[in-house]
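**Q** Structure, please.
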Amino acid sequence: MKTDADAVRAARNQLARARGQLDSVLGMIDEERDCRDVIQQIAAVSNATRRAGVRLLVSQLERCVADADSADYDSSELQRLFLQLA
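**A** Here you go, the predicted model:
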């Protein structure tokens, strides 16, 4: 099983790639590229950031399950966080 540090590192790498994609989108807008291409890339950035968020949330859930005494989050808060990413 991955550790929290591994999940955080993977999510950070994913977000760094998304930042690169977003910079590319800004360039496409400046170049007045086709709207469909721009929207497709914006969707890719959105999906990448969502996946990074889910990765972090799953890591947190795994930690909570492994440490049943943990009171960091209650189930309603975890559900709220998950739905924000949906």
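
**Q** Can you tell me how far the spatially most central residue of the chain is from residue 17?
**A** Geometric centre of the chain, nearest residue: residue 52, 2.3 Å, by CA atoms, centre = their mean. As for residue 52, its distance to residue 17 is 9 Å (criterion: CB to CB, to the nearest Å). Any C-beta I mention is one placed from the backbone N, CA and C, and that applies to glycine too.

**Q** Repeat that for residue 8.
**A** Relative to residue 17, and taking CB to CB, residue 8 is found at 15 Å.

**Q** again with residue 27
**A** Noted for residue 27: a distance of 16 Å to residue 17, by CB to CB.

**Q** between the two, which one's more packed in?
**A** residue 17 (14 against 11; other CB atoms under 10 Å).

**Q** pLDDT score assigned to the residue nearest to residue 38 when sequence neighbours are not counted?
**A** Excluding its sequence neighbours, the residue lying closest to residue 38 (CB to CB, 6 or more residues apart in numbering) is residue 28, at 5.1 Å. Confidence at residue 28, expressed as pLDDT, is 97.

**Q** Tell me, how many residues neighbour residue 28?
**A** 17.

**Q** for stretch 42-50, which positions count as buried?
**A** Within stretch 42-50, the residues scored as buried using 16 or more other CB atoms under 10 Å are 44-45, 48-49.
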